[in-house]
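Got a predicted structure here, sequence first:
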Amino acid sequence: MSGITGICNVDGRPVDPALLQRMTQAIAHRGPDGIGHWMDGPVALGHAMLHTTPESLRETQPLSMESTQKGPLCLTLDGRVDNRSELQAALESKGCGPRVDTDAELVLRAYECWGEDCAQRIIGDFAFALWDGRNRKLFCARDLLGIRPFYYVFDGRTFIFNSELRPLLEVPGFQRRVNPGMLGEYLCERITSKEETLYRNILRLPPAHRLVLKDGALRISRYFDFDPRKSIRYGSDEEYAEHFFEIFREAVSCRLRSQAPVALWLSGGLDSCSILGMAGQLVKEGVITNHDLASYMLAFSHPDGDERTYVSEAVRMWGFDTHSLNAEDVAEESLVDNIQRHLDFPEVSPWDGLTALARQNGSRVTLTGDGGDEWLAGDMTHCADLLRQLRIPTLVRQFRHDVAQYRTWAWTGHTGPGPFPLFMEWCIKPLIPGALKSAAKCLLRRNFPSWVPPGFARAVGLHDRLMRQEKPPRFPTIAQQRIHALVDDGNFIMGTEITDREDAHREMERRYPFHDRRLIEFALALPEDQRWRGDQTKLVLRQALRRHLPDSIRQRRTKADFVFMWTEAVARESAGKDFRSLRLAEEGYVNTVEVRDMYERWLQGKISCSWNLWNILALERWFDTVFFAPAQARG
């Protein structure tokens, strides 16, 4: 993780050096290892360096070179290339072999070789901008899942981008204006926009997209998507497991490339412990040593989140030492403090204390098990596929397993819908055409929660916003289609952006082996029974890691429930009074009566809505801090 910024005056005016300095200084926390600038008349690029790989120690950015086509190329990159050997071989075959072995050099050479098609050749986490002097254009790209952020403003004369949102608020002439449509999406807890932010004039480059600025015109297009025709079929579970093992091994191995010890986040769940197990295998093979790794766990005493027993069994199997931090001992940051630092949607978490501990112990990189659920756990709509295929006996057996599994998951509690509503949700509803479902929701007015006023919803076109979607590639099954939809899920993207900025505050980089493009491609091509069979989810992962995990973890069916964290957070931050008088209500964005009623029923234990209340409270704090206490927010 590093920080990037840049300015392009499309009307030809020279860039003000002081503005570039301010843009880079604002993200200096992302780059404690050095600030770099490059300027060429109306174009300027900036970089804040954080060394996280051995190669980055030899890297200077922005990186410029004279193209063989007689024009300057200059790159600023926040990223990591994970298919280095493959990419280098492809470049050398085209006569564009890199001069040095840094990731920035590989990206620059990739553009020189393939032009605007270069991003699809790169596997890894990245956001970059490149000035092509010969063609007088700015080329930018963002990785497949948006792990690395890219914010920008463009008023028709000046294009400015940055790794973080806050610096763009300080651009001369910028006016803070709320984006009510995006506010509505947040209130509904369904982020469908991948470009907008809570501010009307600040945008994001969507994941898996490239941006070209040339002759004053901005062009944005998708550069990669998964092929729905790709199918993997073997004759046995063992063959699937062997194939997955090799892909997972590479996904973990390439993310352990670091010049400092890597911190492994352990929760006690199947996914994070699988990463530990694969790391143990790599130690056994001599690829890395025990000294290159350090595992960390956040210990909860609350019974719903206590996974210490599972973590102990995993680390005992491989002989790793574990740093443990009691969640109750972590002094959590307040919402207002978080907002004042970022001026973006707030998030506070005890995991920040774990990140701080890892950084204190010398790590700059963390590996997390995020992504295992998304790509390998399957989807309940596989029942709809069985119904569509008229595999009735199999459907009956699987549906019974699914209902039983649903009731064992901690977050569903002891109550919930019965078999008939679940059958309608999992088996019938997915078979109804999308346009018909949208029309029904509109007629029944069930598209947004009761605390969102109908007048506000109509004014911002909230129904259309929530129902909009790009035309995705058509996969053979409904379950595959649902899993693929997570690639472009707005809530998921927002979550990675929040995680990035919080880790950047601690000078740390988070890496996600389960988000490796090759692994997702493999998962999407699997038959459904390799993801979910009977009462067993993530079948292929459990089979592949059967020699690398304790049976208690490999055969585990339950998951921790962290709802109690939001319950405690709401109680801590609100003290009740915030739901009686809301700035959001004064502006017509929420219905105070509905919010207050929900809060009272929550206090009485009649409903479980901690996350709903937290979301409203967080937006209230943001809105009040940014628009009613701007002087304080600017710090």
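Structure received.

Any idea how far whichever helix or strand L138 is part of is from the middle of the chain?
Using DSSP states H and E, L138 sits in strand 137-142. Distance of strand 137-142 from the chain centroid (CA atoms, centre = their mean, to the nearest Å) equals 21 Å.

Quick one: list the elements packing against whichever helix or strand comes after that strand.
The helix or strand immediately downstream of strand 137-142 is strand 151-154, counting by DSSP H and E. Secondary-structure packing of strand 151-154 (3 or more CB pairs under 8 Å, 6 or more residues apart in numbering; DSSP states H and E): strand 158-162, helix 166-169, strand 203-204. Where C-beta positions appear, they are placed from N, C-alpha and C, glycine not excepted.

now do 7 Å
The contact analysis (3 or more CB pairs under 7 Å, 6 or more residues apart in numbering; DSSP states H and E) places strand 151-154 against strand 158-162.

before we move on, back to that, the strand holding L138 pairs with which strands, and in what direction?
strand 124-132 (antiparallel), strand 209-214 (antiparallel) (DSSP bridges).

Show me what the helix or strand where R572 lies packs onto, helices and strands only.
Assessed by DSSP H and E, R572 sits inside helix 563-574. Applying 3+ CB pairs under 7 Å, 6+ apart, one finds that helix 563-574 contacts helix 610-628.

I'd assumed G184 was in a strand, is it?
No. Per DSSP: H, G, I helix; E, B strand; the rest coil, G184 lies outside any strand segment and is helix.

residues contacting it?
Contacts for G184 (CB atoms under 7 Å, 6 or more residues apart in numbering) come out as 452, 456-457, 460, 462, 465.

For the nearest residue to Q25 once chain neighbours are set aside, list the residues it contacts.
Sequence neighbours aside, I35 is the residue nearest to Q25 in space, at 7.5 Å (criterion: CB to CB, 6 or more residues apart in numbering). Taking CB under 7 Å, 6+ apart, we find I35 in contact with 24, 28, 48.

Nearest to A110 among those?
The nearest member of the contacts of I35 to A110, counting by CB to CB, is A48 at 22.5 Å.

ok so, going back, can you flag which of the contacts of G184 belong to strands?
Using DSSP state E, no member of the contacts of G184 sits in strands.

Next step: these restricted to helices.
Among the contacts of G184, the members falling in helices are 456-457, 462, 465 (criterion: DSSP state H).

got a winner among the residues you listed for most neighbours?
L462 (23 neighbours; other CB atoms under 10 Å).

State the pLDDT value of that residue.
pLDDT recorded at L462 is 93.

now do F345
pLDDT, F345: 86.

what's the burial count for it?
The local packing of F345 (other CB under 10 Å) involves 20 other residues.

ok, now the one 10 residues further on?
Taking other CB under 10 Å as the neighbour definition, T355 ends up with a count of 23.

ok, now L524?
Residues lying near L524 (other CB under 10 Å) number 22.

what's the answer for Y234, then?
Residues lying near Y234 (other CB under 10 Å) number 14.

domains for the protein, by residue range?
The record's domain split for the chain, according to automatic domain parsing, is 3-165+202-222, 237-374+491-554, 563-634.

any chance of those domains in CSV, with distance to I478 too?
Output for the domains of the chain, formatted as CSV (distance: least, CB to CB, whole Å):
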stretch, distance to I478
domain 3-165+202-222, 22
domain 237-374+491-554, 10
domain 563-634, 27
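
and of those, who's closest to R474?
Here domain 237-374+491-554 is closest among the domains of the chain (CB to CB), at 12.6 Å.
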